[in-house]
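Trainee: Return a 3D structure for these sequence lines:
(2 chains)
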Amino acid sequence: MKIKSLFLIIFIIVLIFLLSVCEKNEIIKIGYVGTLTGINSELGVYGRNGAQIAVDEINLSGGLNGKPLELVVRDDENNVETALKADKEFYKEGVVAIIGHMTSGMAELSVPYINEKKILMISPTISVDYLGRKDDYFFRMIPSNKDQAYEISKVMYIEKSHKVAVLYDNTNRAFTETLKTEFVEKYEAGTGEIVLVEEFNGLNTDYLKLAEDVNKSGADSVFIIGGSENAAMISQHLYIKNITLKIYLTSWAMTKELINHGGKAVEGACLVNFYNNDIYGEKYEKFSAEYKMKYKDNPGFVAQFAYEAVMVLFDAMKNSQDLSTDSLKTYINQTLEFEGLREPLAFDKYGDMNRSHYIYKIENGEFKLTSMGGNI
Amino acid sequence: MKKKYSIINTLYQNITITIIFFISIVLIVNFMASKKLYESAVENGNVVAKSIAIHLEERMKEPERDILEIERIEIENVLSQDQTDEYLNDIVRDNPFFSAIEILNKDGKVLNSAPNEFHSVGMDRSGELFFQNNDWNGAFYWSDIFTLILNGQPTIAVTKAENDKMFVVYVNIEEISRISTDYTKYFGDQIQMFITDENGTYISNADKRMMFQRAVDDENSLVKEALTIEEGYFISKKKDVLVNVAFIENVSWYVSLQTPLEHIYAPIRNTYWLFYLFVFILLILTIIYYRKAIRIGKAINKFSVQTKKITEGNFDIEIEKQNYRELDKLGTNFTQMAIELKKRDLRLEEYAYIDTLTGLKNRRAMMEILENYVIKKVPFAIAYFDLDQFKNINDKFGHYNGDLILNQAAKRILSAIKNKGFLGRIGGDEFLFLLPFAKEEEQISVIVKKVIGNIREPFEVENNKMYLGISAGIAMYPKNTDNVTDLLKFSDMAMYSSKSKGMNGFEYFTPELHSNFDRKMEIENQLRNNINKNEFSCVFQPQVELSTETIIGFEALIRWNNQLLGEVYPSEFISVAEERELIGHLTIWMIERACEGILGIQRVYKNSFKVSVNISVIDLNDKEFPNKLIKIIKQKGIDPKMLELEITENIMINNYEEIIGALQKIKGYGVKISLDDFGKGYSSLSYLNQLPIDTLKIDREFLESSRYHQKGYKLIESIIDIGKKMNFAVIAEGVETDDQMETLKNIDCYAGQGFLICRPIPLEEVIDFVIQKQ
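Mentor: Numbers count the residues shown, from 1 in each chain, chains lettered A, B, ... in the order given. Below you'll find the model as predicted:
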């Protein structure tokens, strides 16, 4: 045996040894952030679940060129400071992009930050209007909330709701106030009357007072701009008092918790949303099955949108020249159509998703699509 | 063939095997210790997980007990609505475990609730999953985790529904988590524990956020699997932890106990530095050993290169000091061996180049010197010496004395040449002297003369004085030839030429010698080949008394008619026969013919005449010659007085005491001795006294010269006078003219011989001649 080959063998052994010590698969990280705890954490939790399903599915089919993706989940605790902190941590960790946040209020500090640091952010559910019409690093899977106000006001006229009490959650003003203002403007343009406009603290709500105020206002309908649990509780308190009103809700409240916790109190409530649950194909069936298997539940729109957000990002990661934010952004901007769970997805030039509006009604504890949607 | 092993490879292999062996030992020990630790961790973990499960099972019976109590009171219907609420409030207040308690009717409407501040009476719970999923069979039902709408906290509803009422206790998950984690702490800080429900949703986790966020355990399926196959543990792929699993039956929850593998292997890990150190030391040792092996290998290779040089004959190499004692010893031995070999080689060289007898260079050495000079084209002269008649000395005194004389002769030659040139003995009694840079013959002839002079001084052998002669031939390079072989041949020719003209002389090589030499060679060859054939014949020349013209005898002369060379004169072939020592045979043959001649004449003429035969000095040097002669005389039955041997003066050149002894012996037997060619060569009057001669034969040249010179005439007269006074019969040879005859008669010369009287004639004619004369 030659001395050289001997040293070679020793070298190889040492190399294998070192490699085995250092062996760590390169993992591509994607950030996910939303409100995961407390009241109004449904959007965050369901969004996470949907995003996780997407990541699992991608990893199961080999990840990105063999490299697995990891969904790094953070909780913004429905607090703008915490939200910013989470984004900063993502930046430090070097995530490819952030999926989130889930509620409009969290965008206040986060969106300027991600634009400054050039971090791609795709929000499944933030719809606040002021973020639209900007060519920045913020993308969303949902259109501006302004249109929701218009849609709801239209439905109210159809249903002859003439005296409306408007209740809005002041913990998510970015979303609720724009919507409220827009709604008031749109609704008052007609013949209807707004009898009450009252804000409430979504985290610590005095439901008794709200119910009392609505009762006193003589409203025949109530437009609650809040999350599903607040909406359910307000509805329950109205229900306790036998106050029978038509209830109108935004897409924010459209989760199963609304039905679970609202029970009979939310029967007949009207909601606006951006998906047509009558349209589904193999892709949605597969997603739904996987979601059910993992979470023992049906996926709501939030989970669907979050799933789609991850899939759009992954499409960009696969096809753009590299994983830099600008490359990804350029790819998304230049791509006319992405595959969606139910329908093809298309962003406008500012990175806002164009979606149609659909009106749902709760009937027998289920969301039923009505024909009242603006695009139907 | 048996396989040959390399020392270095063997070293390498042994080192490698040792290293591999040690590393294997370490790995095996490490592996076995790890296995033991792991097994005990598994066992331990299973016990702890079960213990936690049992503990929690017990605790989870509390809400059920409370529900049973509430139900009992409700059935007994002893409390009013308000009292019931109060009672429920007490329970909630007393139990931090509970978030709220509600009693629902069949439609899901809240009938009673605690605590009061939730104001939930009248609310509709028909949408809640725990309500919808309830079988109303009176069994306890534990819901999935959900956010309690009343306080926004994650919760689990424990329900029991029967008849028209449902009792709901909302269990605060955070509290369950606290209880379980508190209990886990008994088992050490390193152990992490979490509890999941059927879906894998966290019910308890050290990281509370995981519960609040309603996160799902990724490895839920592994947890379930671990329980179904009753091992109760698995290794998490992602986290590198050992997970021990236990099942809490009454709530269908799973306890997962996570022990980091790092923690399990910590006892070994603590010794890892030792392991790494060991491996490091092994590596260092390996490198050191390999380097040593390389050095040994290099040393051995170097050693082998050096020894190889020795085997190639380069004995001057001294093997360097070795770093390894064994090699050094081997090296010393090799050096010693090389020295011995060198000595032996020198000795061999001596044997090869030195003549051991005389200490002079031998033929080979001289040849090399010659060749070297020729190659360098340095002009030089050589003298080829040959001791005259040396064979006789060996014959006479034996080889021992012969060698002594040779040795002495060598010394004398050496002293004559002093330090000039090179001298070697190149044959038995042949010496070669080389004088470098000699361009003229004279340069070497001075030395050669000195050599001849030195040799002529008497030698002492066994207290006897004896005389030796030496002859030399001189050849020049490049004047005569540029070829070593030819040069030697030429000097040899010159030497023989000199020798044939008489001993104790020298001659230069000339081109004519070359042709003479060829003729001689031919004669020699023919002599050798035909000496026993009938090519020789004998003729007789009469000798007559001048005054009376009566026959006094005959001289027997040899004739040779060779088939190839034709008639060859004795003057030519006799000298060749003498040089090549073939003469003895011819002499004997002639003596026999002479005897036959005597007998032949006797048969016809009754009275016979003496017949003389020429003998050579070579014959006389033969110790056996007198006996051979006497034997022939006896065989032939002649009167010894009738036979006369003719000798020449040159027999006296050396060994004359011996020769005189031999002659006296012959003479004592009755054979007459005649001194032939007197006056030619080394004639010395003192010989006349010493030699036992009867007849003096005057050389024909004297007779020839006497015709022209008065001195010659006087000289012959004096010789005849001396002969008369010393009582020798004087015979003049070569009487060919009447003048000569007249002269001889005038000075009263006794007898004559020659063509004027009669040419040599065959035996048949001798008879006629005798008859005619008488």
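Trainee: Can you name the residues that contact the residue lying closest to B:Leu565 once chain neighbours are set aside?
Mentor: Excluding the flanking residues, the one nearest B:Leu565 by C-beta to C-beta, 6 or more residues apart in numbering or on different chains is B:Gln526, at 5.8 Å. Using the backbone N, CA and C atoms, a C-beta is placed for each residue, glycine as well. With contacts defined as C-beta atoms under 8 Å, 6 or more residues apart in numbering or on different chains, B:Gln526 is in contact with B:Asn562, B:Leu564, B:Leu565, B:Val568.
Trainee: So B:Gln526 lies in a strand, does it not?
Mentor: No. Per DSSP: H, G, I helix; E, B strand; the rest coil, B:Gln526 lies outside any strand segment and is helix.
Trainee: In contact with A:Ser228: list those residues for me.
Mentor: When contacts are counted by C-beta under 8 Å, 6+ apart, A:Ser228 is found next to A:Asn40, A:Glu42, A:Trp252, A:Ala253, A:Met254, A:Thr255, A:Glu257, A:Leu258, A:His261, A:Gly262.
Trainee: what subset of those is also close to chain B?
Mentor: Near chain B, judged by C-beta under 8 Å from any C-beta of the partner chain, the entries from these are A:Glu42, A:Glu257, A:His261, A:Gly262.
Trainee: what's the burial count for the residue lying closest to the first one once chain neighbours are set aside?
Mentor: Computed as C-beta to C-beta, 6+ apart, the closest residue to A:Glu42 that is not its neighbour in sequence is A:Thr255, at 4.5 Å. Using other C-beta atoms under 10 Å in any protein chain shown, the number of residues around A:Thr255 comes to 24.
Trainee: Tell me the confidence at the residue nearest to B:Phe187 when sequence neighbours are not counted?
Mentor: Leaving aside its sequence neighbours, B:Phe187 sits nearest to B:Val48 (C-beta to C-beta, 6+ apart; 4.8 Å). Residue-level confidence at B:Val48 comes out at 87, pLDDT.
Trainee: what helix or strand is B:Val48 on?
Mentor: According to DSSP states H and E, B:Val48 maps onto helix B:7-59.
Trainee: what does B:Gly424 give?
Mentor: Here B:Gly424 is assigned to strand B:422-425, by DSSP H and E.
Trainee: got the contact list for that strand?
Mentor: Residues contacting strand B:422-425 (C-beta under 8 Å, 6+ apart): B:355, B:357-358, B:360-363, B:365-366, B:369, B:406, B:410, B:413-414, B:417, B:431-434, B:436.
Trainee: And the residue nearest to B:Phe187, how far from B:Ala266?
Mentor: B:Val48 is 17 Å from B:Ala266, where distance means C-beta to C-beta, to the nearest Å.
Trainee: So which of these two has more stuff around it?
Mentor: The residue with more neighbours, out of B:Val48 and B:Ala266, is B:Val48; 22 against 14, by other C-beta under 10 Å.
Trainee: My guess is that one contacts B:Leu257. True?
Mentor: Yes. Counting by C-beta atoms under 8 Å, B:Val48 does reach B:Leu257; the two are 5.7 Å apart.
Trainee: quick one on the thing from earlier: ok, then the element right after the strand holding B:Gly424?
Mentor: Criterion used, DSSP H and E; the element after strand B:422-425 is strand B:430-436.
Trainee: Residues touching whatever helix or strand comes next after that following strand, excluding its own?
Mentor: Remark: after strand B:430-436, the chain's next helix or strand is helix B:441-456, criterion DSSP H and E. Helix B:441-456 is contacted by residues B:381-383, B:385, B:387, B:409, B:412-413, B:415-417, B:420-421, B:433, B:435, B:438, B:467-470, B:472, B:474, B:476, B:504-506, B:508 when judged by C-beta under 8 Å, 6+ apart.
Trainee: how much space between the residue most central in space within chain B and B:Lys321?
Mentor: Central residue of chain B (C-alpha atoms, centre = their mean): B:Thr311, 4.0 Å from the mean position. Between B:Thr311 and B:Lys321 the distance is 21 Å, computed by C-beta to C-beta.
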